[in-house]
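Enquirer: Output the structure for:
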Amino acid sequence: MKPNYTLHKDFRLPMGFPPEAFDSGLAYQAQAEDTFIVTYPKSGTTWTQHIIWMLHYDGQPLPVGKNINLEVPHLEEIGGEFVNSLPKPRFIKTHLTYNLTPYHPQAKYIYVARNPFDCAVSLYYHTKGFIKHYDFAEGTFDDFFECFITGEVDFGDYFDHLISWIHHKNDENVLFLTYESMKNNPKAAIVSMAKFLGSNYVRKIENMQILENILEHTSFKRMSLDQSRWSSERPSDMTPFIRKGEVGDWKSHFSVSQAQQLAQKFKTMTKNTEAATLWELPELI
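Expert: Predicted coordinates:
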């Protein structure tokens, strides 16, 4: 059993994503004031969106009744016209590879990478939960793993995405973070983002109340409440959009064979790149 997608120009899009919005998103002309939040799906995207939103709004959390994907919109889901209608500075979410992401030398790009093992598990539950997008409610992890390992999932192969961005890890206008480092030290991650965004944001987090408020409201515990802010409604019997947020949850899902397959693909695809040392594979398998 495989998830269903809308096939558009060699992309697997979630059903319900308008192809014309995808095209419009790719055609968007990046602006100097733009900040792009870039991830492979299920790599800490919503968490990072909320941190950036709270930094911009002086430590105030996204109110119930608002949706983060209208405040920090998903470019290829909602289209370039919508993004163009937003006031500057614009904060924009994307799952595009480097070569497809709209570029401006003065725009900023925050990339968050998550180890492929936990990413695969999180994307599996995401795919099961959105019936209207994937029609995969009855799918098993074994079914999904075969799609993930071959790149037959939305937005394509995990490694193609990671490698396209790792080559730009040290670019002046790129902040490259890992999900695991953010979990290990969320305060340091917030400080790094503020410094990357500029002196106005650094001044904000010099106010300890603002910094502590961001830490509190972007914690897993707080973000797991009022989940309508992060996603469209899911059936009550499905796992929630904000599910666990753990590092290492993959160990309760992978067989030994699956772990070996993904570890081998990781070694092959990341060879001679900085991605090869992002995570300690012996600890993963």
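Enquirer: Would you map the helices across the stretch 51-200 of the chain?
Expert: In the stretch 51-200 of the chain, the helices defined using DSSP state H, counting those that start in this stretch lie at 68-71, 75-78, 80-84, 116-129, 131-134, 141-150, 158-166, 179-184, 186-197, 199-205.
Enquirer: hmm, who's touching the third one?
Expert: This points to helix 80-84. 24-29, 73, 75, 90, 92 (Cβ atoms under 8 Å, 6 or more residues apart in numbering). In this view, the C-beta of every residue, glycine as well, is placed from N, C-alpha and C.
Enquirer: ok, now with 7 Å
Expert: For helix 80-84, the surrounding residues in contact (Cβ atoms under 7 Å, 6 or more residues apart in numbering) are 24-25, 27-28, 73, 75, 90, 92.
Enquirer: again, but for the last one
Expert: Counting contacts by Cβ under 7 Å, 6+ apart, the residues outside helix 199-205 that touch it are 55, 58, 190-191, 194-195, 210-211.
Enquirer: give me that answer again for 8 Å
Expert: With contacts defined as Cβ under 8 Å, 6+ apart, helix 199-205 is touched by 55-56, 58-59, 190-191, 193-195, 210-211, 214.
Enquirer: between the helices of the stretch 51-200 of the chain, which gets nearest to residue 274?
Expert: When the helices of the stretch 51-200 of the chain are compared by Cβ to Cβ, helix 158-166 sits nearest residue 274, at 5.3 Å.
Enquirer: Can you check what angle separates that closest one from helix 116-129?
Expert: 120 degrees (axes from the mean of the first three to the mean of the last three Cα atoms, to 10 degrees).
Enquirer: chain center to helix 158-166, what's the gap?
Expert: Chain-centre distance of helix 158-166: 13 Å, with Cα atoms, centre = their mean, to the nearest Å.
Enquirer: picking that back up, only whichever of the contacts of helix 80-84 are buried, select them in ChimeraX.
Expert: Under the burial definition 16 or more other Cβ atoms under 10 Å, those of these that qualify are selected in ChimeraX by:
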select :24,25,28,73,75,90,92
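Enquirer: still on that earlier bit, out of the contacts of helix 199-205, who's nearest residue 11?
Expert: residue 193 (28.8 Å).
Enquirer: ok, that closest one to residue 223 distance?
Expert: For residue 193, the distance to residue 223 equals 16 Å [Cβ to Cβ, to the nearest Å].
Enquirer: still on that earlier bit, any chance of the contacts of helix 80-84 in CSV, plus pLDDT and distance to residue 65?
Expert: Listed next are the contacts of helix 80-84 as CSV, based on pLDDT from 0 to 100; distance: Cβ to Cβ, whole Å:
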residue, pLDDT, distance to residue 65
24, 97, 27
25, 97, 26
27, 97, 31
28, 97, 27
73, 94, 17
75, 96, 23
90, 96, 22
92, 97, 22
